[in-house]
Structures are given as C-alpha cells and as structure tokens.
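Q: Sequence plus predicted model, see below.
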Amino acid sequence: MFRLKPSSSSSSYPSSFIIVRLFVVLILFIFIFNFYLNIRLSSQQDYFHVSHPHLQVPQVSEQKLWEAPFGDGLHSCINPTSKYQAFEGVDHYITVRSNGGLNQMRTGIADMVAVSRMMNATLVIPELDKRSFWQDKSLFSDIFDENYFIDSLKRDVRVVKKLPPEVVSVPRVRKHFTSWGSLGYYEEMTKLWDEYKVIHVAKSDSRLANNDLPLDIQRLRCRALYQSLRFSPSIETLGKKLVERLRSRSGRYISLHLRYEKDMLAFSGCTYGLSDAESEELRLLREHTSHWKIKNINSTEQRISGLCPLTPKEVGIFLQALGYPQSTVVYVAAGEIYGGKLHLSELTSRFPNVLFKEMIATEEELRMYSNHASQTAALDYIISLESDVFIPTHSGNMARAVEGHRRFLGHRKTITPERKGLVEIFDKLESGQIEEGLSLQHLVQHLHQKRQGGPRKREGAPDGIKGRARFRAEESFYQNPYPECICPSKPTHT
C-alpha cells in the first residue's frame, strides 16, 4: 500500500506553535506593564493634586534649604582709610529727635553720627520717638548700651549724654535737614555755626544719600550701626536666650517677619482675604490717622503691583513651594497679627510649629518689656539676625535693616519674596489654572533663585526716574552696604 512520507514542514509545527505562544505572552506582558505604569503615574498625579495640599512635593535637600549663598570670599570691612583723622573736640552741638519705629530710628541715628562728623559737631544722645503709632516711652539707654555707644565712637565723633549747662540757654536753630543729603550739602550747612552753637534736627531718618559719599563716611555709618549701636545688656541677654531655646527645638529655624499687623494693613490699604467688616475697620483707621496722607487706596491695584504684604495663607503656600517640611520651626517676628487665630490658622494648618516670643519666653522675662514696642522689636531683631533663614513679607524698615546686617555678617540666607510675581501665581492657583505640586514648586523656586541674599552690589534708581525722586528710588545703603563695607579680601582688623 502506498504511504505518504511525512514532510519536513509538518515536523516543524510544534516549534512554530511555541514561538507564536511566546510572542503572544510577550505582547500581553508589555500591555499589562504599560497599563500598570499608567496607573502608577495617574496615582502620583492624584497625589500631587490640590486636594492633598500638605503632601504635594518631594523634599528639597537639607543643604539647599538652609545653606547660605556662596559669598565669593567677601568679608566685612569697616576700618577707616589711612587718610582718616581722629575727631577733634569742638564747641558745636547737634541735638536730634529720632522718628519712627526701632529700625527707622537706628538707621537715622547712624546717619546723624556721620552728619556730626561731616559738620565737625558734638552729637548729643538722640531723643527717641515717643509719639509714633507704638507710643513707646523708652529712653535711649533703655534700648541701647549708651556708654558703649559713646566710648566706641570717640575716634569718630564726640558724643555726650546731654548739653553742657553753659550751652543749654544759648540760642539754637531748629533745622529740617534735606532728605538724601550729600557731603556738599552738609559742608554748606556748617555756615550755621557762624550764628549758632546748637542745631536741633527735628527728624533723623533718611538724612544722608545712599550713594556718592566718601568711603570713610560710608564706613562710619556701618561702624555706628553694626558695632556701636548695640542693644542694652538686658535685651542682648534675653535675645540670645530666646535664640538658644529656638535652636533646642530642632536646631534650625526660620524667622518670618509677618507684616500682617493692623496698622500695616491700614496704611497700605491691603484688604485681600479680609471680611467686609475688617476692611471697613482698616479704612476708618486710615481715614482718621492724620499723618497718613493717602486716604483712598485701591486694594486690588496695590496687590497686583506687589505692594501688599503676603497673607498668612500665602506665606504657608510659599514656604511649602520652597520645599520646607511641615515640621519646620517658624518664628514670627512681628506684632499682633490682625484677626488673631482666625487668619493665623491659615499658616499654622500647614506649619504647626509657628512660634511667637510669648511662647518661648516666660511672663516674668517679658514683663519689663510690656508697653515698650521698641524694646520687644529689639528682641525680634536679634532673633531674626541669628536665624538660619530670614523671610520678610514686606519691604519695611526692619526687613531692610535685617537684610543689610545679614549681608554684612557674611550674606546669611535671606529670602525676599517677589510679591508681584507671587500674586500672579497665587491667583492662578485660586482659579484652578495650576495646582499645588511640582508645577507650583518649580514656578516659585525659579522665581526666587536669585533672591536668597547672595552677594550683589547696591542697586541704583530704576531707569526713567529723574530729579530728586531718584534718591528715594535707590536701594537703601543699610539694606545692602556693598561695596563700601564689604570687601573681596579679609582685612587684618575689623
């Protein structure tokens, strides 16, 4: 019987079938893997969704969060030049009434030390402002180490505690020195000595130009502010104790100058996030404060222009976007927060370790400072100066003074919020155009890459500003004393 011989193709059938099965399995594996990967990515996106505001981004490294900007080898330098001569006593006197809050008075006093030097006059210990918003009755010696101030400046200018008896009754002139005065202006003012032995200066703030003054005068301003005008021993001692207590909690802390006090909001006309009743209360305060000249303020325009302090809620979002963990210790260097716990909770819900001086000092320690706003502000100044990171929410006198002092001490980390850019980001966040998470973190961190307190020379007035208005528009000397008081190589003595 004729039989068919098996073909070679039919013999290869089992191996071909196995290959096909393996190929199908591989396709299924790739499909399942891609499906699982998509699920993972989707869950991560949900994790970063605004519905989880406290758990939205991976932490930034500790080093990046806390380290000071690279200082380029810069060091403070306040020694006078070889041409500088010791002060010679003269029988001319300048008396001063300092105006404003603590830091406005401090920088004004440093200016008047330099003015006394330029006018070859003896400076009488300034009278502090007792009529400002804070109604503080403190004397110079209550806040500052008066004897040290006098002794440390003896090579620069003669300082006395009061006018000598023989000069008290002599005719004197009351003078409103021009703002942003130059050396030439004060050389012209020395003509007053032809008729008077005493000049009384009614205001101390902003008496000197920020720029174009002799190097020795600029360095004298730094010596006066950063060395001679130190706080009284009791304030210094308590301030250092409070710093140690803050560090004992976690080792590092942020000092937040939260300008959300009633007077600040009323003065600036910033009412975003407030109730109608609160807004009206602030409007009435502004209306009835005679020395606040601008009465009608558009709050929305102020905020869009970046002229409003950040709200507690905005600060919380800002700190999270920078990468600071929820456990961060945040010390609030400010007066009473407007709206109390109601508004403050918008920050503490994100950062529960928010502390005030009343929470780290005893009642007994603070008793002597009650009703003395300038003395308690001095405690805030010390704590802010020594903090690992300083963040001001508005560019007021304290913010500028602390920033400048931290630059002088080695460019300690100071993050200055770019408020105008942040308002745009916050508004997009509120409208749902962006969500809390990686995108928000990227926007905020990119906006503040060069706002960490790193070295830079003082800025002049913006283009287009002319006349005397340009002096006011210049960056404050005390906000950034570089280059006159900060040098590229370390001096032998400071």
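A: That came through fine.

Q: would you list every one of the strands in the stretch 151-300 of the chain?
A: For the stretch 151-300 of the chain, applying DSSP state E, counting those that start in this stretch gives strands covering 159-160, 172-175, 198-201, 254-257.

Q: Repeat that for the stretch 1-150 of the chain.
A: In the stretch 1-150 of the chain, the strands defined using DSSP E, counting those that start in this stretch lie at 75-76, 93-96, 122-124.

Q: Just tell me which of those ends up closest to E430.
A: strand 75-76 (43.3 Å; C-beta to C-beta). No exception for glycine: its C-beta is placed from N, CA and C like everyone else's.

Q: ok, the closest one: who's next to it in the sheet?
A: strand 486-487 (antiparallel) (DSSP bridges).

Q: ok, back up a step: just put the strands of the stretch 151-300 of the chain in TSV and tack on mean neighbour count, distance to N99 and mean pLDDT.
A: Shown next, in TSV, are the strands of the stretch 151-300 of the chain (neighbours: other C-beta atoms under 10 Å; distance: least, C-beta to C-beta, whole Å; pLDDT from 0 to 100):
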stretch	mean neighbour count	distance to N99	mean pLDDT
strand 159-160	16	19	97
strand 172-175	14	14	94
strand 198-201	21	10	97
strand 254-257	26	21	98
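
Q: Which among the ones you listed is found nearest to S290?
A: Using C-beta to C-beta, those put strand 172-175 closest to S290, at 21.3 Å.

Q: In its sheet, which strands sit next to the closest one, and in what direction?
A: strand 198-201 (parallel).

Q: List the contacts of the partner strand.
A: Outside strand 198-201, the residues that touch it by C-beta atoms under 8 Å, 6 or more residues apart in numbering are 92-97, 112, 115, 119, 121, 163, 167, 170-177, 189, 192, 207.

Q: Kindly report the same for stretch 255-264.
A: By C-beta under 8 Å, 6+ apart, stretch 255-264 touches 133, 282, 285, 309, 311-312, 315, 330-338, 343, 347, 380, 383-384, 387, 389-394, 396, 398-399, 402.

Q: give me that answer again for 7 Å
A: 133, 309, 311-312, 315, 330-338, 343, 383-384, 387, 390-394, 396, 398-399 (C-beta atoms under 7 Å, 6 or more residues apart in numbering).

Q: Okay, and which of those residues map to helices?
A: The helices, defined by DSSP state H, take in 312, 315, 343, 383-384, 398-399 from those.

Q: Which member of those is positioned nearest R252?
A: R252 lies nearest to I383 out of those, by C-beta to C-beta, at 13.1 Å.

Q: that older thread, okay, the strands of the stretch 1-150 of the chain in CSV with mean neighbour count and mean pLDDT next?
A: What follows is those, written out as CSV (neighbours: other C-beta atoms under 10 Å; pLDDT from 0 to 100):
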stretch, mean neighbour count, mean pLDDT
strand 75-76, 17, 94
strand 93-96, 23, 97
strand 122-124, 23, 98
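
Q: For C487, find the nearest of the ones you listed.
A: strand 75-76 (5.9 Å).

Q: Figure out how far the closest one is from the centre of its chain.
A: 20 Å (C-alpha atoms, centre = their mean, to the nearest Å).

Q: from what I can see G306 touches E424, true?
A: No: between G306 and E424 there is no contact, the gap being 9.5 Å when judged by C-beta atoms under 7 Å.

Q: quick one: the nearest residue to Q104 once chain neighbours are set aside from H257, how far?
A: Excluding the flanking residues, the one nearest Q104 by C-beta to C-beta, 6 or more residues apart in numbering is N397, at 4.6 Å. Computed as C-beta to C-beta, to the nearest Å, the N397 to H257 distance reads 11 Å.

Q: list the contacts for I486?
A: Neighbouring residues of I486 by C-beta under 7 Å, 6+ apart: 74, 76-77, 407-408.

Q: now the strands of the stretch 151-300 of the chain in a markdown table, with distance to K457?
A: Converted to a markdown table, those look like this (distance: least, C-beta to C-beta, whole Å):
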| stretch | distance to K457 |
| --- | --- |
| strand 159-160 | 31 |
| strand 172-175 | 33 |
| strand 198-201 | 30 |
| strand 254-257 | 24 |
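
Q: Nearest to A373, out of those?
A: strand 254-257 (14.8 Å).

Q: That closest one pairs with which strands?
A: For strand 254-257, pairing defined by DSSP bridges yields strand 330-332 (parallel), strand 389-392 (parallel).

Q: now stretch 432-441: how far from the chain's centre is it?
A: Chain-centre distance of stretch 432-441: 26 Å, with C-alpha atoms, centre = their mean.

Q: go on, stretch 247-259?
A: With C-alpha atoms, centre = their mean, you get 13 Å for stretch 247-259.

Q: Likewise for stretch 105-120?
A: Distance, centroid of stretch 105-120 to centroid of chain: 24 Å (C-alpha atoms, centre = their mean).

Q: Just the buried positions in it, please.
A: By 16 or more other C-beta atoms under 10 Å, the buried positions in stretch 105-120 come out as 105-120.

Q: Need the residues that contact the helix or strand where E364 lies.
A: Assigned by DSSP states H and E, E364 falls within helix 363-367. By C-beta under 7 Å, 6+ apart, the list of residues contacting helix 363-367 from outside reads 238, 357-358.
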